[in-house]
Structure formats: C-alpha cells, structure tokens
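Peer 1: structure for the following, please:
(4 chains)
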Number of protein chains: 4
Amino acid sequence: MKKLKLGMVGGGQGAFIGGVHRIAARMDDRWELVSGALSSNKERAKVSADEIGLLRSYSSFEEMAKVEASLEDGIDAVSIVTPNNVHSAPVVAFLNAGIHVICDKPLAATMEQANQISESVEKSEARFFLTHNYTAYPLIRQAQKLVKEGALGQIRMVQSEYVQDWLTNETSNRQADWRTDPKQSGAGSIGDIGTHAFNLVEFVTGLKTEAISAELHSFVTGRKVDDNAHIRARLQDGVKAQIWTSQVAVGHENDLRIRVYGDKGGLEWRQENPNQMRLSIFGEPSKILTRGYGSDAGTRIPPGHPEGYLEGFANLYSEIADTIIGINSGENLPGLQSGLNGMWFISACQESSENDGRWVFR
Amino acid sequence: MKKLKLGMVGGGQGAFIGGVHRIAARMDDRWELVSGALSSNKERAKVSADEIGLLRSYSSFEEMAKVEASLEDGIDAVSIVTPNNVHSAPVVAFLNAGIHVICDKPLAATMEQANQISESVEKSEARFFLTHNYTAYPLIRQAQKLVKEGALGQIRMVQSEYVQDWLTNETSNRQADWRTDPKQSGAGSIGDIGTHAFNLVEFVTGLKTEAISAELHSFVTGRKVDDNAHIRARLQDGVKAQIWTSQVAVGHENDLRIRVYGDKGGLEWRQENPNQMRLSIFGEPSKILTRGYGSDAGTRIPPGHPEGYLEGFANLYSEIADTIIGINSGENLPGLQSGLNGMWFISACQESSENDGRWVFR
Amino acid sequence: MKKLKLGMVGGGQGAFIGGVHRIAARMDDRWELVSGALSSNKERAKVSADEIGLLRSYSSFEEMAKVEASLEDGIDAVSIVTPNNVHSAPVVAFLNAGIHVICDKPLAATMEQANQISESVEKSEARFFLTHNYTAYPLIRQAQKLVKEGALGQIRMVQSEYVQDWLTNETSNRQADWRTDPKQSGAGSIGDIGTHAFNLVEFVTGLKTEAISAELHSFVTGRKVDDNAHIRARLQDGVKAQIWTSQVAVGHENDLRIRVYGDKGGLEWRQENPNQMRLSIFGEPSKILTRGYGSDAGTRIPPGHPEGYLEGFANLYSEIADTIIGINSGENLPGLQSGLNGMWFISACQESSENDGRWVFR
Amino acid sequence: MKKLKLGMVGGGQGAFIGGVHRIAARMDDRWELVSGALSSNKERAKVSADEIGLLRSYSSFEEMAKVEASLEDGIDAVSIVTPNNVHSAPVVAFLNAGIHVICDKPLAATMEQANQISESVEKSEARFFLTHNYTAYPLIRQAQKLVKEGALGQIRMVQSEYVQDWLTNETSNRQADWRTDPKQSGAGSIGDIGTHAFNLVEFVTGLKTEAISAELHSFVTGRKVDDNAHIRARLQDGVKAQIWTSQVAVGHENDLRIRVYGDKGGLEWRQENPNQMRLSIFGEPSKILTRGYGSDAGTRIPPGHPEGYLEGFANLYSEIADTIIGINSGENLPGLQSGLNGMWFISACQESSENDGRWVFR
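Peer 2: All right, here's what the predicted structure looks like:
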C-alpha cells in the first residue's frame, strides 16, 4: 500500500508526545514523515529535523502550510503536537491550506481557540482528527461494541478515573512547566488527563453528557491549576458517572480505568494492563476477555503477547490513513466533536467548582 | 481466661448477621452465648434458641433485660442483631439495665432513634459498642497506624467504595425485604454498606467529616430506597473524599475498597483480598504489605494463611471482652460516636441529594 | 445440635497447630474441648490446660486414653497435634481405646510408625481422620467436582506447588527446630508442606500416583533435611504432574497453588487468595469462580466476604462431627489412605533423590 | 541517524513472525527494509514484496545474498524468518557473503544444521544475531542486573515456564503445520517456546546449564512432536531449575514466566503483563517494580503506559543497529552461543526423555 506523507508541527528535541506520534505513524508502515516545523525556535527546529532525517524543515508552521500545499508531493496530513495554547493557529493554517490535520488533545487551551478550530473544520474540505488515543485500544473498542449490542443491558452508571503521581510535589521540568501554567495549558489535571477519562465515558457508552458537578483541588502550594478533581456527570438516558482525575495520587503512574454497569452486566478495563478486560453478566461468573476477543481488528500479534500504548496510538494513525484514502468512514475516530466535548468538560468543571459544585448544564 | 456471658436479641432462624456474631464471639473462646430473645415471633424464638442450645430463651427483649440483670450469673453483654429500626428499643432497655451492648450497624433507622440511644449511653455505666467490623481487619489497623505515624505525610484525599450487585433487579427475600423497606432500614445502600465505606474513611484518616454532597439513585423501578450513590466529602484539614456505594454494580460481591493519599505516600486495601495492602511511598516502588506487617495483633495464624471477614469480626468481640474486663481502653473500638457519624452521613446524603447535591454541613 | 466432646494431645503453650485445631473445632459450635495431655512436660501440660480452661488435664496420653475411655461422658474424639514422630503412639493408644482420632499431617515420621497406625486403624472400630485441611476449602471441593463431572475433559497434567520462605536462612525457634531435625520430622519441606501439594493433586484429580522422580535440595548449609524439591509424578491414566515445594523461596509465605489441565479445560487455585478460582474452557474466555460457586457447602458467609484457612480447617472438624454422628459417610474426608499416600510420597521422593532422580514405582 | 538497510528471507503473505520483525525494525526508525526473498514460491515472493513495497525482490536467497553483496547500497543485514529447518542455508549464504544476519530462533532444526551455522559464524567477519526477543524486555534486563549486582544474593533455584493452549486439539493451519512436523521443526513445544523459557533462565542468572533431565509428552493423539514437557536443569554453582513448557495448557495464551530465588531475595516476571516485576528481599515486603525502574534503557514512553512484545522485539533491532555501527559491543545480545545452548537444550531434553528422565550432561 502506498504510504501517505506526513508533516509535523512541534515535537522537537526534548518533547515527549511528538516522538509518540512518530512511532505511531511508523508502526504499520502507512505514513512517511517528510517535513516539519518542529520548534518555534529556529535553531532547534533545524537540528531536530536533521536528527530525524526530514526532507523539508520549516521555521514556521505558516510557511510550512503554504509551501506544502503548493508542492506536487506535499504532505497529505500534518500532526500538531504543540502545547495546548498553540494548537489552534497551526490547525487553522493547515485546514485552510486543505491539508488534513491530526491534532493532539485537548483541542485547545481556551474556548475561543476551540471555536476558531471549529469554524475552520466546518469550512475546510480537509479532515480533522484528535488523538484521543485510548479510544483505539482493541478492548476499549470491544467495550463500546458490547455496550452497543446490549450485553450490559440498559446502562446505569460509569466509574472512570485517570490518576498519576508525578506532580505530587512542586516540580519544574519541560513536561511539567507548560502543563502547570494556566496560560499554556488552560487547565491542570482535568485537561491533561481528565479529558481522556471523560472521553472514554462518552465513547464507550455512546452517550452525551448533559451536566457536570465538580470540585477541583490544587493540593500543591502555589500551583495555579487543578491537580486533583472529583467530578459527577449526568449523561443521557439517566446514566450517572463519577470521575476522578489526579496528578498527586502517590503510587499511580498512568492509571486510567473505566467501569461501566448496566442492568444486565458490568465491565472493567485498566490501561496499565490493557490486554485484559473483566466482563460480568449478572448471575454468572465474571469472564476475563483478552485482547482480540470478539474481533482482532487493531491487533498485530496473538493474544497473550501484550500490545500497549504505542500500538493503540498506531491504530489511530492507520485508521486515519484508511479514512483519508477512503476505505474507512472515520466515523468512530475522534475528531472535532470529541474535542469540543472535552473543552466543554473542562469549562464545566471549572465553572461548577467555582460555584461550590453547582450543576453546570450543557 | 474466664469466658464472658453473652446474650443475643434477634438472629433467629434464617437471619444472616446473627450467625456471624455468634461465630465471631466463639472464635477466640472469650464468650459463652447463654441467653437470647432471638425473634419477635415467640415460636421462632424458642425453636431458634433450642437449635443453638441456649440456656435461657426469652420471648421479648424487655423481659430478657430485666431478668438477666437480676441473675447472679446473668449476661455480661448483649448483641443486638435486629433490623435497623429495632435497634434503639432493646439498646435502651439493656443499657438501662446496666448490661453492656454490642449493636450491629447502622446505629438506627431514624435520627430520633439514634438520639434515644445516645441519651441512654450517656446515662448508663454500661458500655456501648457498634460492630463496624471492617475497622478490625489487621491491615486496616495498620493503615490507620501508618497514617497516624505520618508515613503518607499530610493526607490529601481518599477514595472509598463499597459495591455489591445482589439488588441489581427487583428482589424479594428475607435479606432484601427489610433492607429495601425505608421504614425498617431508613435508607438503602448508603445505610447498609455506605456507612462502612464512610466509617473507614474517618477511621483510617482519624479525621472528622465537615460536609457532604451526594447524589442518590434508585435504578430499579419501584425501589423506595437508594441503590447507588455518588458522594463527595470534605474532611478536616482540607482533606477531600469521594465515596461510591452501590448494590447494583454487576460483578461485585462485597467490594469494599479504600485508597488514601498524602503528600508522601498512598495506600490501597480491598476487603475481598484483605490479607494484602499496597503501600506506595513517593519515588519508591510500591510495596505489598501482608497481614501481620508491623504488628501481628488481631491475627491468629502466620501470614500467607488467609484470614477474613469472620476473623475481623472476631477481633471486635475479643477486644470488647478485653475492654469489659479492663485490659483494653476500648478507645479504638467503634461505639456511639461512630454510630452518630454514620447517622449524620445517611441524613446528610439524603438531604444533599434532595437539594441537587448542595453541600450539607455538619 | 448436641456438641461432641473433644480431647487434645499436644498443643500446649507456644505450639502453633494446636491453637488452629481448637479454633477450627469451635468455629461451628459442634465440639467442646474438655480434656487434654497438652504437653509431655508435666508442668507445661497443667499450665496450658488451665489457660484453656480444660475440665480434665493429663500428664500422659496413655493415661488420658485409658481414663477417657472409662468415663461415661468421656471424649468422643481426640486431636493429635504433636510433632510427626509422636503421632503413632497416641494414635494407637486412642484407637485401641475405641476413641475416634483426628491426627495432624503427615501421618508419621517413619514408615514403621505409619504401619503401626495402619494396623490400629484396621483393628479399631473408631474412625481415623487426618487433617489434610486444604482439601476442605470450598473451591478445592468445587475443583474436585468439576474434574469428576468432566468439565475439564480427560485430565492430562497438573502443576502443584507449596512454597514458603521462612527457612531461607539457618533458623532456630520452636517451630523450626523439630521441623529441621530429621529424627522428629522424618523429612523437610516435602513432609511439612509437600504432602499438602501432593495430596491436592490426588484429591482434585481423583487419581492415584504410580511413580515419582525427585530431586531434593538442602540449600542452607548444615541443614539436615530438604528445604526445596523438584518432583515429577506419573498418575493413573497417563496424567503427569510437576510439583515444587520449598521453604527457601524468598517472597512466598504459604503459597500453595494447584493448576489442573484436561483436554477441554484448565483451572487454577491459590491458597493465599482462596475465594477465587480461575476456570478456563478451551476456546472460551476464562471465568473467575468465587467461593460458593456451584455449592455453598462449607461456606458460612456470602461470597465477597473472604473466608480462609481457619474456615477450611473448621469444615473438616464439622464434617468429622457429622461423620461420627452418622449423617455424613466421611468418604471424602482425608484419613488413613491419604496419610499412607503421603508417607509413600515422602519415601519415594527421598529414594528417588538418592538415586539421581530414578523413577520410584509404587 | 542514518538508517541501516535491511533484507528479509521468508515472511511472505500469511506468515506471522516476518511481520513482527518488520514492525520491530521500523519502530525506532533505525532500519529501512529494501529487499527480500520472501517466499520459496516465486509468485508469492513477488506479490508479497510488492505489497510491502520492497525495492528489490529475489526468488531465491542464494541470488539475494550474491547480488546484495555486490551492490554499492546493498543491505547491511538480513533477517531470516523461515521455518527452523530453513535457517542454516540462508544464514550460511549471507554470512559467507559478508552480510550481518539476524536469525529467528531456534537456531536450526537439527544439530547438523546448527553446526553449519556455527562454522560460518566463526569464519565470517559479519555478525550473527538470534532473536531471543524476551531478553530485550526492559524488566528482564533489570532482572539480569539485579542478579548480577547481588540483590538476590547467591542464586539457588529458578522456576521458568512458557505455556500456551492453541495446540490443545489436533490442529491444522499455516502456523501449526510446520511446528508439528518434526522434519520442519525438529521439536515441538520445547523448541518453539521451551527454548525461550530455557534461554531466560541462563540470561537472567548469567549461568550455564550443566545437565538436563526431562520428560516430554505428546498428549494429542497422533502428534509427532512433544506438546508438553517437565524439565529439571542443573546450572553452574549448584543452581537448580524447573522448567515447564506446554502448548496444551488450557487457559494460557503466551504465558512465559520466570521466578528466580537466591539466599537474599526473589523475583517474578510474567510476559503477559511485562511492565511489572515483583522483587522480594528476605524479611521485607515485596516490591512492585515497574518498567523503567533502575534504568529507562529500552523504554520509549513513561512507566504506566504499557509497552509490550513489539517494543521488546524492537529493542533487539535497535541494539543490533548500534552494534553494527559500533556504538554497542553487542555482548548482551543473543547470538550464536544462545542458539547453540538452545539446540543443546532441545537435544538433551529429547535424549533424557527417551531414557526415562536420565540426566544428560553437557
């Protein structure tokens, strides 16, 4: 199959998520990374591009969008892997240039930026994808399918949590600094990881959230963003969710879990051991489903051989490629709507918390 | 050591918790069950007493309290194992008769009944104990000790849950009927099991709760009490808790878990495998503590040989015996205050839920 | 139900297993411990008996057997909880006196002693029980039943292990001393715990062992008994087993596990979390069976409330009581044959190991 | 960093392990796959090469070796991913042509073939690597390091097992057919997966095996190779190992586990959840080490984000690249010696089993 051509904005030396996107794009041999504006720092952009072996390096995304759109063999899509507050400008530039966009989450740092993206998506013929990567783990897809098929019956409640401990103390480093600066990130734990926990709730149940009640905490003295949050959500059809997100939960690394319960069954999945999912049908012994159960879509190797974070991420990239070449509708892929939902989640949590947990309706 | 004499109110044929109390009392050979008013049904009381081999059977607790108090070798203490709404009358009768009382939880079905108990306790020289049995698991005691000694640093947040699935559907049987009848139980899942989850939060942290925000749900059509609840609590010193209680969470049997986090460490314990506790100190690998770690108080057999629910319950009975004979202060044993805390928890959850989750302060 | 009267030989102050037998006998209120020869040391026997509150204390088991047999309300059964080399003499004495015997495992320290027991059992009308207590865990019974019913198909192989670490170094204390003295114990890890691992293989599969090949190790310098063993067994019907037993496996407390595989299914159980068992049917997701699955025989409390070692042991005592009063055939209870099988296991392991792993046939 | 050029022999349409090698080579962007002889079937070789997008496709490995060696920009290394009995011929051809070889395990189907490879390796200046991929999981490297540093003390014994269930019944498909044909595979479970279990024992302990005693089983009627094996090994320094390998263990997918014990500590690792390892130091609570503990070499993403089988495999490919360009000595990479050890393991198991478990010395 012919490889698609990929560009990247952000992801220069020292960045974390850019490298993840590159591995994910490479995994299934569907993409060739050819150009980039890897850093807003000209020098670093060049050095980073050379290290990676890019054919074309740009010192600004504006130039990159313009030039790539004009090339016969310009990029098919661009990955935006900059801090949250630098998503909207390049997203708009590339969409306007007719180039498909793959954007890291959350959608933006402010609702205003989110709206700019939204407008561009509507105007552009290019597609917009958001890397809510956890939706692409095979067993999360299987959970979604089980819910849709009614295996759990009428859904009643959901427990979702994403907790870490790396910000337990005051911390300064390249990853922490922008995440704890409200100007760059827009929010703390609820934006960085809470959006994933929230997104999984909607993705697996297929339901929209109608109201949020939240209490945000900043346990570390002087921290300007939330580092812990206790959240309640009301979804369509009377479904109730409880969400916990934390970056100060000592003993947890990337502990994303979701538990879904209906009147016939329940299921439980945990990202840290993502190759197993517990499925319980009322009155029967619980079952341990392993990756590949029900469908081996999105798996590369037999069950028992663990796949993980990078493979889930790669599933997104491969399905995006399929969508661009027209053999996948892309309708199960996260995009603008997921992003807007996440932005609403962040702002509703903040508004509710500022009002002592009052319900914020959509 | 001389055995103490025990009486029992409730716990006749077909009852569950009465049998548990009897095994617990027997386990360490500290008690001899000699008399009872095992049922309000005269016939069943007699038959049940014969089955168990009681020396003295009464057809009413009033008579029992009166007679036992007058006997030279009357009971030292009585266990009250009736439905919640029938706690206060016998408790008051025995306390007034100067007989120590061991009462099942929650304290009562209504705040009025709770207050009656409270008044009696204050007037009586007899002691009052409440069987918040989970506080007596050795690793829960160890968790309490670790928190007290500062191993976790300044406590920040707590996650506690007690979830079951046996009331997933409309159910009618001896156990379910009184529990789902608001007149007899006063509350649903929050009273029956939520009080345990709440009690553990306060017991392990040593902190009092200052406010509650709750959303109670009744997922089963026609159910008159809550069967699921999402609860937030604010404790002293700025500590935040999130509590989930459910009797409709398919796949869970008696899944009581508590997770406590401070600025130096975190811990996690689960009743269904109570012989292990995870302890995480920030920056170090998590440790698996096994029963007997730190202290083998309240254990009978070497670690690796599992003890469970009955042994935890028996710890209470043995320590109550020690307290009665004066070799234990009893200050770490659950009593009136735990019971009143639980009653407040129930009423605060109900009041908050009726007011759309508004915070209810103590 | 009328309680049976129990006596005890051994189990004085400082002993471990005697206390376990007493709790087990008490748990279900089927036994009353009334007399004992708790120690061969006269003084300790008396003090221990007083502590426990025995009605009758003897300074020798010979006297005890004789006197108890002559009493109108003498004991129905006696528990023998002495070191291995002091099993046969009291067993023979009580059996000859017509008193039922409950003997701790292994049967004896030498084959000669075992034969003496065997002869007595054959001659006596009293029953003989051996406390292979792990056979009485509800899920082990369930495993036995699943095998018998064919749920696993034709059995092919078994993996069994019982590993501990408390003898990792040279150790001297009351528990270690007799266990590491070949005269008192007759064997090391293979006798003390290996007999349990081996017994479970035969109990769960219902098959007899035909040959053993073993390599025994003594890793601690100067140790006179084995502290680790790698064993292969050939059972009837071509079934193959692999057994590991160790008292120097750092990180393991009482880690007894059994895994059984047939041509249709497999199962796995672990004593340290005995309330769950994994059952796998070929081609289906594995199931987690919880205690009480299939039958709640031998359980006292609902699933999810853990029972453990003491409850399993108590099952034996209650079923022995049932057997003595004639309402249980006792045919699934461990007795002389289990004991002789264990003795053969020990001697076969030793003979094989001395001959470089040569197969020893029965 | 400049990419190295890779060729491949085998791995055409329908093959499993070829695809794994290709993903592994791609993961870290160190290799470019440019040529191949993907199938001995000319047609399939061509179609497969087109699918993958190879620059150069050959219909025989002999031609490929010759032509690639003559090209200015010929391949730096070749991956041999054919069935076991077709390893030696291409390995010899490429080594003789001076091209580095990356060969799938086991080394060969017969000792004669292994010797041919051995001779070529000795004569050639090109390097030879064997993909014992499990040695490249970060926590296995960490286990090796802990043993070397003495964290476990003097090693005493090892338990290793690799069990699957996919050959529980008579099975015919592309994967099963050559593996159960002794001519193509040379052995059953002991070669296909047992070599991994054995290799890990030697890799983690750093010790050589001196003798093997084995019992091989063929539980499926008509199967011509072993499908289960119980193995004992004696290693240097008095270390004892027990190994279990099975392809008929219902409920296991790719269940490779290793447990290592010394006089100070023990550790346990399981491939199916490879991001955690249990480390127990005698007298202390067990610790859960997560991937990245001690060293983040061979990891791409933070702990808590699971990496798995493909990432471990990719570690080998990246380190092989480093070795070829001279920035890694390659001494910890599996090569000829690992392969010969594995061949000896297979033949010793077979010889021992044919002689009723007699010890076979090296």
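
Peer 1: can you count the residues close to the closest residue to A:G14 other than its chain neighbours?
Peer 2: Counting by C-beta to C-beta, 6 or more residues apart in numbering or on different chains, A:G14 lies nearest to A:R174, which is 5.4 Å off, once chain neighbours are set aside. Using the backbone N, CA and C atoms, a C-beta is placed for each residue, glycine as well. Using other C-beta atoms under 10 Å in any protein chain shown, A:R174 has 11 neighbouring residues.

Peer 1: repeat for A:Q175
Peer 2: 17.

Peer 1: hang on, it in a helix?
Peer 2: Yes - counting by DSSP: H, G, I helix; E, B strand; the rest coil, A:Q175 is found in a helix.

Peer 1: now it: how far from A:Q247?
Peer 2: Distance of A:Q175 to A:Q247, computed by C-beta to C-beta, to the nearest Å: 11 Å.

Peer 1: give me every residue that touches the residue most central in space within chain A.
Peer 2: Closest to where the C-alpha atoms of chain A average out (C-alpha atoms, centre = their mean) is A:H132, at 2.3 Å. Residues in contact with A:H132 (C-beta atoms under 8 Å, 6 or more residues apart in numbering or on different chains) are A:K105, A:T195, A:H196, A:N199, A:F203, A:P334, A:S338, A:G342.

Peer 1: got those residues as JSON lines, with secondary structure and pLDDT columns?
Peer 2: Converted to JSON lines, the contacts of A:H132 look like this (DSSP: H, G, I helix; E, B strand; the rest coil; pLDDT from 0 to 100):
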{"residue": "A:K105", "secondary structure": "coil", "pLDDT": "92"}
{"residue": "A:T195", "secondary structure": "helix", "pLDDT": "97"}
{"residue": "A:H196", "secondary structure": "helix", "pLDDT": "97"}
{"residue": "A:N199", "secondary structure": "helix", "pLDDT": "98"}
{"residue": "A:F203", "secondary structure": "helix", "pLDDT": "98"}
{"residue": "A:P334", "secondary structure": "coil", "pLDDT": "96"}
{"residue": "A:S338", "secondary structure": "helix", "pLDDT": "95"}
{"residue": "A:G342", "secondary structure": "helix", "pLDDT": "97"}
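
Peer 1: now the stretch 101-250 of chain A against chain B: closest residue?
Peer 2: Closest contact between the stretch 101-250 of chain A and chain B, by C-beta to the nearest C-beta, is at A:V250 (3.8 Å).

Peer 1: so that residue sits against A:W166, correct?
Peer 2: No - assessed by C-beta atoms under 8 Å, A:V250 is found out of contact with A:W166, at 10.1 Å.

Peer 1: neighbour-wise, which of the two wins?
Peer 2: A:V250 (27 against 19).

Peer 1: any idea how far A:Q271 is from that one?
Peer 2: 18 Å.

Peer 1: what does A:H132 give?
Peer 2: Distance of A:H132 to A:Q271, computed by C-beta to C-beta: 13 Å.

Peer 1: which residue, neighbours along the chain excluded, lies closest to A:D76?
Peer 2: Nearest one to A:D76, counting by C-beta to C-beta, 6+ apart, is A:L4 at 4.3 Å.

Peer 1: what's the neighbour count on A:S329?
Peer 2: Once other C-beta under 10 Å is used to define contacts, A:S329 is seen to have 9 neighbours.

Peer 1: wait, A:V204
Peer 2: If you count neighbours by other C-beta under 10 Å, A:V204 ends up with 26.

Peer 1: other SSEs contacting the helix or strand hosting it?
Peer 2: A:V204 belongs to helix A:195-205 when assigned by DSSP states H and E. Helix A:195-205 is packed against helix A:138-149, strand A:155-163, strand A:209-217, strand A:228-235, strand A:240-246, strand A:255-262, helix A:336-354, with contacts defined by 3 or more C-beta pairs under 8 Å, 6 or more residues apart in numbering or on different chains; DSSP states H and E.

Peer 1: strands paired with the fourth one, and their directions?
Peer 2: This means strand A:228-235. Strand pairing for strand A:228-235, determined by DSSP bridges: strand A:209-217 (antiparallel), strand A:240-246 (antiparallel).

Peer 1: of those, which is nearest C:E351?
Peer 2: strand A:240-246 (60.0 Å; C-beta to C-beta).

Peer 1: quick one: mean pLDDT for the closest one?
Peer 2: Averaging pLDDT along strand A:240-246 yields 98.

Peer 1: residues contacting that strand, please?
Peer 2: With C-beta under 8 Å, 6+ apart as the contact definition, strand A:240-246 has outside contacts at A:156-165, A:189-190, A:193-194, A:197-198, A:201, A:209, A:227-235, A:252, B:157, B:159, B:215, B:217, B:228, B:230, B:242, B:244, B:261.

Peer 1: tell me the spacing between A:S39 and chain B.
Peer 2: When distance is defined by C-beta to the nearest C-beta, to the nearest Å, A:S39 is 31 Å away from chain B.
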